[in-house]
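> based on what follows, work out the 3D shape:
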Amino acid sequence: MAFDYKKEYKEFYMPKNKPGIVTVPEMNYIAVRGKGNPNDEAGEYNKSIGLLYGIAFTIKMSYKGDYKIDGYFEYVVPPLEGFWWQDGIKGMDYNKKEDLNFISIIRLPDFVTKQDFEWAVKEATRKKKADYSKVEFLIYDEGQCVQCMHLGSYDDEPATTKLMEDFARENGYEIDITDTRFHHEIYLSDPRRTETAKLKTVIRHPVKKI
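Just a heads-up that it's a prediction; the model follows:
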């Protein structure tokens, strides 16, 4: 059976729908940076998703070709994630989605090296005849965070982030969103196939001790 990161690392992908503190180790990601309203079908965000999955599945299916990745094992591609921020403000203004900056990411298995990633970019470019120059290999150490499962519309996230902020403060932490530590979302549902009320999104905010 293929290794499933969501099932094997439930503390990172399947938190309860009440806040908790978690320490997230350094991980490697496929990443694409951009800006704009994620609901714009022709916008940078939707294009970034196609680029991410193009590389993710090139790596996943590499075992069927001539290129062999050392230590490879069959796995389920981890869920889509995103770091989000707006210039000049702390937190998120959900009424100004056009001002959103993002880094769209998909986690890479630990056995995938930067060399393997660079092979996948060249291979996807050759096979799909598309431009993958915006895709990067990102190493990110998220550290200590507060997180919670959010159920429902993305526009209702402020109620969940308020619970997270209150929980963090009650436990001796404060939210520590900076230029390098971001509002983080992990998408466990496909919004094209899931009722809005049933959408599952992990929300994670960096924290520091007060």
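> in this protein, which spans are helices?
5-8, 10-13, 44-60, 114-128, 157-170 (DSSP state H).
> residues in contact with the third one?
Here helix 44-60 makes contact (CB atoms under 8 Å, 6 or more residues apart in numbering) with 30-38, 40, 69, 75, 77, 80, 102, 104-106, 108, 112, 116-117, 120-121, 123-124, 127-128, 130, 132, 134-135. C-beta: built from backbone N, CA, C; applies to glycine.
> that one vs helix 114-128, what angle?
110 degrees (axes from the mean of the first three to the mean of the last three CA atoms, to 10 degrees).
> how about helix 44-60: buried residues?
Buried residues in helix 44-60, defined by neighbour count with 16 or more other CB atoms under 10 Å: 44-49, 51-56, 58-60.
> the second one too?
Taking 16+ other CB under 10 Å as the neighbour-count basis, helix 10-13 is seen to contain the buried residues 12, 13.
> same check, this time on the last one
Neighbour counts over helix 157-170 (16+ other CB under 10 Å) mark 157, 160, 161, 163, 164, 165, 167, 168 as buried.
> ditto for the fourth one
Neighbour counts over helix 114-128 (16+ other CB under 10 Å) mark 116, 117, 119, 120, 121, 123, 124, 125 as buried.
> coming back round to it: now, which of the buried residues of helix 44-60 sits nearest residue 177?
Closest approach to residue 177 among the buried residues of helix 44-60 (CB to CB): residue 45, at 19.8 Å.
> for that closest one, give me the pLDDT.
With respect to pLDDT, residue 45 has a value of 97.
> and residue 5, what does it touch?
By CB under 8 Å, 6+ apart, the contact list for residue 5 reads 12, 13, 75, 76, 78, 107.
> cool, thanks, signing off.
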